[in-house]
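Asks: give me coordinates for this.
(4 chains)
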2 protein chains.
Amino acid sequence: MNLRELAQNLGLSQTTVSRALNGYPEVNEATRARVVQAAEQHNYRPNTRAKGLATGRAMAIGHVIPMSKQHEMVNPVFGDFIAGAGETYSRNGYDMVLSLVEDGQEEKTYRDLRGKGAVDGLIVHGPKSGDARIAMLDDLGVPFVVHGRASSVTTPYAWLDVNNRKAFQRATDFLLDLGHRRIALINGLEELDFASRRRAGYEEALTARGVTVNPAYLHSEEMTERYGYDTVCRLLDSDAAPTAFLVSSMITAIGVRRAIEERGLRMGRDISVITHDDALSYFKNGEDAPIFTATCSSVREAGRQAAKMLLERIAHPHLPPPNRLLEAQLVVGGSTGPAPTSRTD
Amino acid sequence: MNLRELAQNLGLSQTTVSRALNGYPEVNEATRARVVQAAEQHNYRPNTRAKGLATGRAMAIGHVIPMSKQHEMVNPVFGDFIAGAGETYSRNGYDMVLSLVEDGQEEKTYRDLRGKGAVDGLIVHGPKSGDARIAMLDDLGVPFVVHGRASSVTTPYAWLDVNNRKAFQRATDFLLDLGHRRIALINGLEELDFASRRRAGYEEALTARGVTVNPAYLHSEEMTERYGYDTVCRLLDSDAAPTAFLVSSMITAIGVRRAIEERGLRMGRDISVITHDDALSYFKNGEDAPIFTATCSSVREAGRQAAKMLLERIAHPHLPPPNRLLEAQLVVGGSTGPAPTSRTD
DNA sequence: AATCATTTCCAAAGCGCTTTGGACATCTTT
DNA sequence: AAAGATGTCCAAAGCGCTTTGGAAATGATT
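Replies: Numbers count the residues shown, from 1 in each chain, chains lettered A, B, ... in the order given. Purely as a prediction, here's the structure:
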């Protein structure tokens, strides 16, 4: 059933039917009711492509998900981020189109999506510190919102980010307060902006207390469970083993815990662990008694808000690009405790 | 840059330019080269909506992701499934459109997507045993492929599934061979078809050995980490605690492990655990020395294959609907061992 | 040289919608 | 009663592409 048929069916013109359905005032309320009812009865849905052609808007938002080539890994936070964003889109009649792209190929995909006219706006995922995509999208004139930031980009652009630096600074401070001095950072890939900010926060806190940053305690890789396990195994078995770990992802923290417990040690007593927790739905840290002490920030909520920002940006392209900095909560759980006193301290 | 401008630029008609770009034979190779070069130079991309209108094809596939209302949970396997499917799509010039929908609302979304003409085909996720969506999609005449099956649907339809019954039957057999008799099943929601099949396999194996199925050992819920932890805590603290657990997801198995180790027990020695492992990229079980004994089946590979099946189905709608049953590997890891002998046996 | 087949190109229709620029009643106002 | 205002509807153009049904030019055949 298309518009023409529906109009013929009703003995009206396409114009009137179209206007009736789209809420234009110049149509008799009685006719409008008749039209709406008929549309419903015939299960009529305007063809997106035709509508898009006519209006010039795609009513779709593009998400380009970077995929690590080496590990064939999709960052597990995307699921929840997209769930949040999807809520916003469907409430506003937008579709979401997804492209999974190997690391580094993202630019071409953005160009394609825009060139084809498949989307009205884009969300940029996984920004690197000096991300070239931002300048490019500005050039292209596509509305976009970055989830995260790109430190070295100075021109204003729309972003939504968690205050990663502060979160990890606070977490480090917390560990220092507990007496820890040998604190290892099990970070994500530091070419990613959020990871470098976390590291900055960590180093800042240490330096402020006069603790020198030990390069042997700095680790940066893709955040798998295995990485957490392997790294902590190596560190714990080394001389000058850390007494505390600061971990960039819940999943990696699971591996960290495994390494610790495998050695007969207990989190919170022998070794302290703080992890960042994106509040993934299937991996709740526990509301009542959190397993991990964690810097918490719901990535789903971030998705919701980023999507809302983008839709507003599409509606008002000439407003200055909005920014939003979310603060992470430092939630105390069972994985931290005072540093065990030892002669090497 | 659109076709008309490009054609004017070249001093050719739209027809010729269109044909040149789409590989039709009735155009001089010299002109074609000229056209292709100009298109490249001007960064021309045909407008999808216009192309779609003209051809009647959307060049997009719809994925409707069910989202549990109660837990606001997105099944973590979707990320990897979609990554697999996305590979196939992008190789074939298809886009992927994603809708996240609350449980039970999926039908409307399918109808919408199809009615709007936004997609050429659909992947059905998370089929329930008597899933009404299949009949509906058949009615609508949309090409679709089900990831999983719907037991009570008798009409032929296209699906790709893991042999869940057999996988869990073999896993149960394996535990029985090790001497376990008190084996608990920590299953997913059994309204989901895959979970009911896993249960069937489990029960079949027990019954074949004359072990009666103990209802207290049967658990069915959404597969969170917390669920695994809570359930196993309760079971281990009860009389007649199980000596082995059969778990439906890696994430739940993490919770199971936590409960076990918290009690000072060790997996593989005191308690045996087998889990299903979807080979999620960020949660590798370990190639060399797997932590868990597991029934393994790559959900990413499933995504790749399901997408391929769908594209073929779109190309040849009149062929009988294809089916594919993937077998899971039973991989032995460190989480299983002989049942501890005890007087209650 | 005339005819026919081939090659190479084009004008125009059509996909299903929105939107512009009226047309025609009907109702007020003077 | 004429003129304007208002309410309600419509015909047709246009969005950017594909595709049909030729037309013109070229080459091969008689």
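Asks: please make it C-alpha for all contacts and neighbour counts, starting now.
Replies: Will do.
Asks: for A:W159, see how far away the nearest residue to A:K166 once chain neighbours are set aside is.
Replies: The shortest distance from A:K166 to any non-neighbouring residue, by C-alpha to C-alpha, 6 or more residues apart in numbering or on different chains, is to A:G201 (5.8 Å). Separation of A:G201 from A:W159 (C-alpha to C-alpha, to the nearest Å) stands at 20 Å.
Asks: again with A:I134
Replies: 10 Å.
Asks: repeat for A:H219
Replies: Taking C-alpha to C-alpha, one finds A:H219 at 27 Å from A:W159.
Asks: with A:A205 instead?
Replies: For A:A205, the distance to A:W159 - C-alpha to C-alpha - is 26 Å.
Asks: surely A:L280 and A:D80 touch.
Replies: Yes. Look at A:L280 against A:D80 with C-alpha atoms under 8 Å: they come within range, at 6.4 Å.
Asks: who has more neighbours out of these two?
Replies: Comparing A:L280 with A:D80 by other C-alpha atoms under 10 Å in any protein chain shown, the one with more neighbours is A:D80, at 28 against 23.
Asks: next one: phi and psi at that one?
Replies: Per-residue torsions, A:D80: phi -70, psi -40 (degrees, to the nearest 10).
Asks: and it, what is it in contact with?
Replies: By C-alpha atoms under 8 Å, 6 or more residues apart in numbering or on different chains, the contact list for A:D80 reads A:L280, A:S281, A:V299, A:R300, A:G303, B:V74.
Asks: turn those into TSV, including secondary structure, distance to DNA strand D and pLDDT.
Replies: Formatted as TSV, the contacts of A:D80 follow (DSSP: H, G, I helix; E, B strand; the rest coil; distance: C-alpha to the nearest atom of the strand, whole Å; pLDDT from 0 to 100):
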residue	secondary structure	distance to DNA strand D	pLDDT
A:L280	coil	41	89
A:S281	helix	42	83
A:V299	helix	37	96
A:R300	helix	35	95
A:G303	helix	31	97
B:V74	coil	37	82
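Asks: wait, which of the residues you listed is closest to B:T31?
Replies: A:G303 (47.7 Å; C-alpha to C-alpha).
Asks: how many neighbouring residues does the closest one have?
Replies: 25.
Asks: okay, and the common contacts of A:L280 and A:D80?
Replies: A:V299, A:R300.
Asks: name the nearest residue to A:H276, sequence neighbours excluded.
Replies: Leaving out its chain neighbours, A:H276 is closest to A:T295 (C-alpha to C-alpha, 6+ apart), at 4.7 Å.
Asks: average pLDDT for the helix or strand hosting that neighbour, rounded please.
Replies: In this structure, A:T295 sits in strand A:293-296 according to DSSP states H and E. Averaging pLDDT along strand A:293-296 yields 97.
Asks: show residues contacting that strand.
Replies: A:167-168, A:171, A:273-279, A:328-336.
Asks: again, but for stretch A:20-29
Replies: By C-alpha under 8 Å, 6+ apart, the list of residues contacting stretch A:20-29 reads A:T16, A:R19, A:T31, A:R32, A:V35, A:V36.
Asks: from the contacts of A:D80, which is closest to A:M309?
Replies: A:G303 (9.9 Å).
Asks: which residues touch the closest one?
Replies: A:D80, A:F81, A:I82, A:A83, A:G84, A:A85, A:G86.
Asks: ok, and the most crowded of those residues?
Replies: A:D80 (28 neighbours).
Asks: wait, A:T48 touches B:G117, no?
Replies: Yes. Using C-alpha under 8 Å, A:T48 is in contact with B:G117, at 6.3 Å.
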